[in-house]
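# Turn this into a model:
(one chain, ligands or ions: 2)
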Amino acid sequence: MAQQNFETGPKPFAGYQLSKVPASDDTLTRVGPGTPCGELMRRYWQPVAMTKMVKDRPLRTVILGEELVVFRDGSGRYAVMHLHCSHRGASLEYGRVTQHGIQCCYHGWHYDIDGRIRETPGEPSRSTIKGEISHGAYPAIERHGLVFAYMGPPDKRPPFPDFDTLNLPDVELAPYAIHHPCNWLQVHENLMDPVHAVFLHAKMGNVQFTAAWGEEPVTEWGEIDGRAVFYVATRRVGSKVWVRFNEVLVPNFGQVGGFWAGADEVMFSRVGATRWTVPGEDNSCWIFGYRHFSEELERGGAGKKELVGYESQDMYGQTGDRAYEEMQSNPGDWEVMVSQRPTAVHALENLGHSDLGVSMLRGQLRRAVESASRDQPPPLALAPEGKITPSWTTNTIYELPAPAGGDDLDLRRRIGRMVVAEVVAAKEFDPAKRVPALKEALAGIPARALGGEEPAVPCRFVSL
Ligand code: FES
Ligand SMILES: [Fe+2]
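Ligands and ions are numbered 1, 2, ... in the order given. Next up, the predicted model:
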């Protein structure tokens, strides 16, 4: 998989030969209007701000390469509109929010939140502009403290992705937003790179989360239906087996399991974070997401809800506001992702076996981009509007001492696969029934694996 090849093998002092930096992979990284990946992204609801960021004044932002203004009008409706006034382009960030929309400060043109013009007060009564012009606007809704917009073709608007993990009883969602001065893809693909968790978060320096992260897992990746890539990483932590099954969905959605290896067994414990990596400009992006808090998820007691919010998260190393000295001595996810260049250059990478998840993610995304360019429907499996969409990410911890006198790699591989197989095959979507049913099914897995059962594989697996 590695790319570099000096015909006769590696060369010493190859700086000169390697000094040219090729172009980035525009098909996957450029997201402005009319670009292939930008058009794919526009076929999905995308978060564009935290509600906390939308105060009394309009919020100026850039999403998918478009300059936008986000506000909440006097009747409580969220609006996402083009920034520049349709009259002569003054920025609506200086506009006045009204009961029913926004009024440009320059000549008072008044827009409703759907972009229709309510008034053009400087125009004489014979003016017909009001009935002829629309201002660019997008449908917007609020969910759990994030504002989402649909920026695609109006006739192709999908249902809102109301995932099961956003509807669990006893789980509190804490919204957050973190800006990254780099392209969206390198931030998103970190989610399918479980190998970095062992090194960056544990072995290379300080233990950033818990010591369990430094245990090397049995890792496998897989794809489902052209719309999901997942990994299952199964670690031995003392007498416990910790199965982490994480998913990403086309194009920029991902969930990760609970962060803390607890002291107790847990079955079908759900996610530590749900997130979308949303492009801003080509070389910047936002993570908008929710940290999840519940008694079960926080058995280790390390999560800190009060630290989750705008440019703030309770996991070490997720933001760029630490002192440079600390960043160098104990770098976190933010430093490694942002430092892969403003847009990572794929042509310069030398991918290894451990990058299989990244390769799969890019391949799946490329196929989705190509199919959207041919005007095919994007890969999507959402429940109808108002219904809950199931997701898979699952954290499971078993009390299962290591077998005497041998490694348990094969046992862990089978356990990991069985967890994936059970969760993906479950047909019950109502969380009130699905959660207890899967807790029970997952509890039975160690006995089956110890008995030598080979799991039914519901999807394609690739092993490290
Ligand atoms: S530029 Fe906005 S009303 Fe004239
Ligand atoms: Fe990480």
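
# And Val423, its phi and psi?
phi -70, psi -40 (degrees, to the nearest 10).

# go on, Ile113?
Torsion angles, degrees, to the nearest 10, at Ile113: phi -70, psi -20.

# Which residue, other than its chain neighbours, is closest to it?
Nearest residue to Ile113 in three dimensions, chain neighbours excluded: Ala79, at 3.8 Å (CB to CB, 6 or more residues apart in numbering). Bear in mind the C-beta positions are built from the backbone N, C-alpha and C, glycine included.

# Which helix or strand contains that neighbour?
Using DSSP states H and E, Ala79 maps to strand 78-82.

# Which elements pack onto that strand?
strand 66-72, strand 101-103, strand 137-138, strand 140-143, strand 146-150 (3 or more CB pairs under 8 Å, 6 or more residues apart in numbering; DSSP states H and E).

# which helices and strands does the last one pack with?
When you say that, I think you mean strand 146-150. Packed next to strand 146-150, using 3+ CB pairs under 8 Å, 6+ apart, are strand 45-50, strand 78-82, strand 140-143.

# Nearest to Glu326 among those strands would be which one?
Across the helices and strands packed on strand 146-150, Glu326 has its closest neighbour in strand 45-50 (25.8 Å, CB to CB).

# So what touches the closest one?
Outside strand 45-50, the residues that touch it by CB atoms under 8 Å, 6 or more residues apart in numbering are 59, 61, 63-64, 68, 70, 80, 140, 145-151, 158, 160-161, 175-177, 252, 276, 278, 286, 288-289, 309-310.

# Could you tell me which of the residues you listed count as buried?
59, 61, 63-64, 68, 70, 80, 140, 145-151, 160-161, 175-177, 252, 276, 278, 286, 288-289, 309 (16 or more other CB atoms under 10 Å).

# Could I get the average pLDDT for stretch 383-392?
For stretch 383-392, mean pLDDT is 91.

# Also stretch 307-317?
Rounded mean pLDDT across stretch 307-317 is 95.

# Ser391 - that's part of a strand, no?
No: with DSSP: H, G, I helix; E, B strand; the rest coil as the criterion, Ser391 is assigned coil and is not in a strand.

# Next, give phi and psi for it.
Torsion angles, degrees, to the nearest 10, at Ser391: phi -130, psi 180.

# Next, count neighbours for the nearest residue to it once chain neighbours are set aside.
Take Ser391 and drop its neighbours on the chain: the residue closest to it by CB to CB, 6+ apart is Phe163, 4.8 Å away. For Phe163, the count of nearby residues is 21 (other CB atoms under 10 Å).

# list the contacts for Phe163?
Gln255, Thr274, Ile388, Thr389, Pro390, Ser391.

# Then Glu295?
Contacts of Glu295 by CB under 8 Å, 6+ apart are Asp170.

# Please identify the helix or strand for it.
Using DSSP H and E, no helix or strand contains Glu295.

# Would you mind measuring from it to Ala263?
13 Å (CB to CB, to the nearest Å).

# Same check on Lys305?
21 Å.

# These two: who's more crowded?
Lys305 (13 against 10).

# any chance of the helices and strands packed on strand 146-150 in TSV, plus distance to ligand 1?
Formatted as TSV, these follow (distance: least, CB to the nearest ligand atom, whole Å):
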stretch	distance to ligand 1
strand 45-50	22
strand 78-82	12
strand 140-143	21
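
# Save those strands as TSV, and put in distance to Leu400 and mean pLDDT too.
Output for the helices and strands packed on strand 146-150, formatted as TSV (distance: least, CB to CB, whole Å; pLDDT from 0 to 100):
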stretch	distance to Leu400	mean pLDDT
strand 45-50	39	98
strand 78-82	48	98
strand 140-143	38	98
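
# Save those strands as TSV, and put in distance to Arg126 too.
Below are these laid out as TSV (distance: least, CB to CB, whole Å):
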stretch	distance to Arg126
strand 45-50	38
strand 78-82	27
strand 140-143	34
